[in-house]
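>>> Predicted model and sequence follow; I will ask about them next.
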Amino acid sequence: MTRMMFVNLPVADVAASRAFWEGLGFTFNDDYSDERAACMVVNDSACAMLLRQDYFHSFHGTTAPPSGDQVLVALTASDAAEVDRTVERALAAGGSPAGAKQEHPGMYGWSFRDLDGHVWELAAMGG
């Protein structure tokens, strides 16, 4: 069995969040999307559920405001150029910087905050 992963993130505006991620080239599964939620496809085994804040809290009965600093979501990229392109598009679409570019042996990465302050890191691994 291939295990799927769904990262659930609270968002202030589902439509704005969906437009932001579509601008970065991501697609959505409309079978799991409505005015309360948008199911962003990362790959065949992973999705990010962008959930309206009240809907997000209904799953676990909390009312605490979300904090993007509590989670850093990391995605791989094919190479450093894809990392740069994606982060630059995120910044142009209304995202904000989340640290400097990172270059280490075998890894190149750069991070941004989405419209709701969640931190996303793009990393090219290898060579």
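Right, received. Where do you want to start?

>>> count of neighbours near the closest residue to residue 30 other than its chain neighbours?
Residue nearest to residue 30 in three dimensions, not counting chain neighbours: residue 39, with 7.8 Å by CB to CB, 6 or more residues apart in numbering. To be clear about C-beta, it is placed using only N, CA and C from the backbone, and glycine gets the same treatment. Counted with other CB atoms under 10 Å, the neighbours of residue 39 add up to 19.

>>> Now do residue 39 against residue 53, distance only.
Distance of residue 39 to residue 53, computed by CB to CB, to the nearest Å: 17 Å.

>>> quick one on the thing from earlier: looking at the residue nearest to residue 30 now. What's its pLDDT?
We have a pLDDT of 97 for residue 39.

>>> buried ones in the helix or strand encompassing it?
Residue 39 is part of strand 37-43, with elements assigned from DSSP states H and E. Across strand 37-43, burial judged by 16 or more other CB atoms under 10 Å covers 37, 38, 39, 40.
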